[in-house]
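Engineer: One predicted model, sequence on top.
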Amino acid sequence: MLGDLGVKCESCHFDMKELRANQAERIAWAKDMGMTQMLVPSLGGPRNPTMDDVKRAADEYNKMGEQAAKAGIQQGLHNENFELTEIDGKRTYDILLELLDPKLVKFQFQISTISRGYDAAEYFTKYPGRFVSMHVQGWSTETKTQMAVGKDSLDWPKIFSAAKTGGY
């Protein structure tokens, strides 16, 4: 149906529960849809993780990334909930960027995480080639609220320029 309309679906979010239950079936569905990427919004770890929790999550997701890669699909991770926690003063998201295999897992950056101190341009520059996409949302540093892109206070030329480095 999408093809008949001249539209292509490159990626979609899947949750960890459905990938754990039957990743092969989800991969087959993604291939049928013509997807090249399967993303999860979060690895779903605990609210107060230990380093062992993060390592277990990364090991599991690297294995999922390996299965997706065998089928010609790029596995990706968004940054929500678990990824926004900290362990001993270090962001879980940064630890995951270190632990997840760059060949098997790419990232999708949530721009609204600027509200928690995450700077998209900084991440794209620090981790070249690790990102496949971003969720674009405006943010006001004055009112600390989401708002329409263009009415916000983010430096979009800087973000989009850095995204070229962060992408592949």
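Structural biologist: Received, thanks. Numbering: from 1, shown residues only.

Engineer: Could I get the full set of strands for this structure?
Structural biologist: Applying DSSP state E to the chain gives strands spanning 11-13, 37-40, 74-77, 86-87, 90-91, 105-110, 131-135, 138-140, 145-147.

Engineer: Of those, which is nearest Glu25?
Structural biologist: The minimum distance between Glu25 and the strands of the chain falls on strand 37-40, with 12.0 Å, by CB to CB. Bear in mind the C-beta positions are built from the backbone N, C-alpha and C, glycine included.

Engineer: Determine the set of other helices and strands touching the closest one.
Structural biologist: Secondary structure elements in contact with strand 37-40, counted by 3 or more CB pairs under 8 Å, 6 or more residues apart in numbering; DSSP states H and E, are strand 11-13, helix 16-33, strand 74-77, strand 131-135.

Engineer: Sheet partners, orientation included, of it?
Structural biologist: As defined by DSSP bridges, the strand partners of strand 37-40 come to strand 11-13 (parallel), strand 74-77 (parallel).

Engineer: Distance check, the nearest residue to Gly150 once chain neighbours are set aside against Lys151.
Structural biologist: Leaving aside its sequence neighbours, Gly150 sits nearest to Gly138 (CB to CB, 6 or more residues apart in numbering; 7.0 Å). Applying CB to CB, to the nearest Å, the value for Gly138 to Lys151 is 6 Å.
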